[in-house]
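**Q** Kindly return the folded structure for what I paste below:
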Amino acid sequence: MKIRTARRISQVFFFSLFTFFVVVTDLRYLKGYPVSLFLELDPLVAFATAITTHAIYKGLLWSLLLIIPTILLGRVFCNWICPYGILHHFIGWIFGKGRAADPVRIESNRYRSIYQIKYVILIAMIVAALFGSLQIGLLDPICLFYRSMSTAILPALNLAAPSSVYVRQYFHAGAWAIGFLLFVLVGMNVFIPRFFCRVLCPLGAFLGTLSSAALWRIERDPTKCVDCDLCLKNCEGASDPHTQLRKSECFVCFNCIEDCPEDALSFKFMPPLQHEVTAPAVPARRAFLGVLLGGAFFGFGRSSGDSDRNYSKKVIRPPGSVEEKEFLERCIKCDQCIRVCPTNVLQAAIFAAGIEGIWTPILNMKVGYCELNCTLCGEVCPTGAIQRISIEEKTGVGAFAAQGPVRIGTAFYDHGRCLPWSMETPCVVCEEVCPVSPKAIFSREVTITRRDGTPIKLRQPYVEPSLCIGCGICERECPVTDEAAIRVTAIGETRSRDRRLLLDGGAKSS
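**A** Numbering: from 1, shown residues only. Modelled structure (predicted):
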């Protein structure tokens, strides 16, 4: 069996496995499958989170399974395993120059200086991580593909499908932007083969740096080479196998070896280094630009105060989330939690959490609510930004009775919009749906006189803050639909002492 055939089998297998994991990251199908395996295998995720948190989340130790073969063989992940890279490879072959005449394909696969951009991006993201801002998920291919599948592709397919893929249609804020970005990046393969992989991919740059001195490398025998350049015809990484091999760009696809008519290329153990470019060629000025970009991103983003003093009341994090600064040090924006949420309440933030928090998960009670007996978001989080907690811990029962339930916010009434308070209309929906026991929402019966002089008895609702967990079902079910008369804000959340609800004399009603 040819190596090319073996690689295609590997690509089909891993792309299918990735797709399977995305699909089963669902309340109906999640039955112990390791759905975060690709994220846990990602060495850039492990490296960057280790920098920001000064520790390695235990699940990310799986990344060693990729680091070892990368050091031995090179960037095998990029062309044999990476589902996002496989997608670009396939689209480029179908719609790009993959089936063009040999001279066109050869020219399209020559190395260009634009391919250095991914190293600048990698440097910028590592520098930001050193300051405590984890941003690798913006362009890391595994995070990017998970996010695209969860919030754009699958919901769009569900709209077009004759039968529902989900129990109900899911909607995601900013899905158009995520889908458009995917369309643009994939579409660029028409102009530059493997555009994302060659130009933008920070994981590819990271693996390329690790593979610069890989023990097994492609060697060219100059006595056999006739300079036909046919080795470039199907070169996936534009690694210049026809001259001095750029090992950091080589995807270990072996196409050049199979395409060489003179058998001038071979894959050998530690060939002479003088036959190749051993390190990524990044000019010092561009490397310094990456340092400036990473530092500026952190400085400008954090100086806004969006993560602490100037935080938005709308930034309500999932139950089990760590404190906000640590959350930004851990969250890789993969949106696994958004995919698994059964009520669709988890949404990708746009700018509500500041520029550092773009595409991190927040709760939108207009769309859904936090199910009381659900902790799935913590089960699938690969980095511990959302901790794994039990139902008992979340609800504050049993061994956790002393510390009480996990609170993600507190509900407050807008009396000007509340039907019993301002519109002389009976309504007890919020009290009826409140899931905690005893209920955090109660009502008092009052008799008021209408404008026409007719007396009417109403039950006016109140919130007991000490009992409210911020689940948002009251806001979701409020009949005042455009902007609910009761709304949850982030104040009072368990994870932050700075955001505790301070009331004189203990708990009071609102």
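
**Q** what residues are up against Leu289?
**A** Neighbouring residues of Leu289 by C-beta atoms under 8 Å, 6 or more residues apart in numbering: Val120. Where C-beta positions appear, they are placed from N, C-alpha and C, glycine not excepted.

**Q** Of all the residues in the host helix or strand of it, which ones are buried?
**A** Leu289 belongs to helix 284-302 when assigned by DSSP states H and E. Neighbour-count burial for helix 284-302 flags 290, 293-294, 297-298, 301-302 (criterion: 16 or more other C-beta atoms under 10 Å).

**Q** can you list these in CSV and add distance to Ser36 and pLDDT?
**A** CSV is the format used below for these (distance: C-beta to C-beta, whole Å; pLDDT from 0 to 100):
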residue, distance to Ser36, pLDDT
Gly290, 29, 92
Leu293, 29, 93
Gly294, 26, 93
Phe297, 26, 90
Phe298, 27, 89
Gly301, 27, 84
Arg302, 28, 83
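
**Q** which helices and strands does the helix or strand hosting Ile142 pack with?
**A** Element membership for Ile142 (DSSP H and E) is helix 141-148. Counting contacts by 3 or more C-beta pairs under 8 Å, 6 or more residues apart in numbering; DSSP states H and E, helix 141-148 packs against helix 37-41, helix 83-95, helix 175-187, helix 202-210.

**Q** how does it look with 6 Å?
**A** For helix 141-148, the elements it packs on are helix 83-95, judged by 3 or more C-beta pairs under 6 Å, 6 or more residues apart in numbering; DSSP states H and E.

**Q** what's in contact with the helix or strand that the helix it packs on is followed by?
**A** Where DSSP H and E defines the elements, the next helix or strand beyond helix 83-95 is helix 102-108. Helix 102-108 is contacted from outside by 97, 193, 229, 232-233, using C-beta atoms under 6 Å, 6 or more residues apart in numbering.

**Q** Identify the residue with the minimum pLDDT among those residues.
**A** In terms of pLDDT, the weakest of these is Lys97, which scores 74.

**Q** and which of the buried residues of helix 284-302 is nearest Glu424?
**A** Gly301 (47.6 Å; C-beta to C-beta).

**Q** Considering the contacts of helix 102-108, which possesses the most neighbours?
**A** Neighbour counts for the contacts of helix 102-108 (other C-beta atoms under 10 Å) peak at Pro193, which has 25 neighbours.

**Q** okay but that one is in contact with Gly92, surely?
**A** Yes - using C-beta atoms under 6 Å, Pro193 is in contact with Gly92, at 4.6 Å.

**Q** Just the pLDDT at the residue sitting nearest the centre point of the chain, thanks.
**A** Central residue of the chain (C-alpha atoms, centre = their mean): Cys334, 1.6 Å from the mean position. Cys334 carries a pLDDT value of 94.

**Q** tell me which element it falls in.
**A** Per DSSP H and E, there is no helix or strand for Cys334.

**Q** Please report phi then psi for it.
**A** Main-chain dihedrals, Cys334, degrees, to the nearest 10: phi -80, psi -20.

**Q** show me where this structure has strands.
**A** In the chain, the strands defined using DSSP state E lie at 216-220, 245-246, 265-269, 276-277, 346-348, 361-363, 410-413, 441-449, 455-463, 486-489.

**Q** Out of the ones you listed, which is the most enclosed?
**A** Most buried of the strands of the chain by mean neighbour count (mean count of other C-beta atoms under 10 Å) is strand 361-363; its value is a mean of 27.

**Q** That one - which strands sit beside it in the sheet, and in what orientation?
**A** Strand 361-363 sits in its sheet next to strand 346-348 (antiparallel), going by DSSP bridges.

**Q** Now do the helix or strand of the chain with the lowest mean pLDDT: everything it contacts.
**A** The weakest-scoring helix or strand in the chain, judged by mean pLDDT, DSSP states H and E, is strand 276-277 (a mean of 76). For strand 276-277, the external contacting residues (C-beta under 6 Å, 6+ apart) are 244-247.

**Q** Widest-spaced pair of these?
**A** Pairwise distances across the contacts of strand 276-277 peak at 9.6 Å for Gln244 and Lys247 (criterion: C-beta to C-beta).

**Q** Tell me which of the two has more neighbours.
**A** The residue with more neighbours, out of Gln244 and Lys247, is Lys247; 24 against 15, by other C-beta under 10 Å.

**Q** Pull the contacting residues for that one.
**A** 212, 217, 276.

**Q** Look up the pLDDT of it for me, please.
**A** Note on Lys247: pLDDT of 90.

**Q** Check the spacing between it and Pro193 real quick.
**A** Distance, Lys247 to Pro193, using C-beta to C-beta, to the nearest Å: 19 Å.

**Q** count of neighbours near Leu230?
**A** 17.

**Q** residue ranges with poor pLDDT in this structure?
**A** The model of the chain has pLDDT under 70 over residues 1, 98, 162-167, 502-510.

**Q** Could I get the strands of the chain in JSON lines, plus columns for distance to Val340?
**A** Listed next are the strands of the chain as JSON lines, based on distance: least, C-beta to C-beta, whole Å:
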{"stretch": "strand 216-220", "distance to Val340": "40"}
{"stretch": "strand 245-246", "distance to Val340": "40"}
{"stretch": "strand 265-269", "distance to Val340": "42"}
{"stretch": "strand 276-277", "distance to Val340": "44"}
{"stretch": "strand 346-348", "distance to Val340": "8"}
{"stretch": "strand 361-363", "distance to Val340": "11"}
{"stretch": "strand 410-413", "distance to Val340": "25"}
{"stretch": "strand 441-449", "distance to Val340": "28"}
{"stretch": "strand 455-463", "distance to Val340": "29"}
{"stretch": "strand 486-489", "distance to Val340": "21"}
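
**Q** sorry, back to before: okay, the helix holding Ile142 in CSV with CA atoms only?
**A** The C-alpha trace of helix 141-148 is given here as CSV (Å, rounded to 0.1, in the frame of the first residue of the first chain):
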residue,chain,number,x,y,z
PRO,A,141,-7.3,25.0,14.4
ILE,A,142,-8.9,22.5,16.8
CYS,A,143,-10.6,25.2,18.9
LEU,A,144,-11.6,27.1,15.7
PHE,A,145,-13.2,24.0,14.1
TYR,A,146,-15.0,23.0,17.3
ARG,A,147,-16.4,26.5,17.6
SER,A,148,-17.4,26.6,13.9
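
**Q** and for that helix, what are the contacting residues?
**A** By C-beta under 6 Å, 6+ apart, helix 141-148 touches 38-39, 42, 82-84, 137, 178, 182, 201, 203, 332-335.
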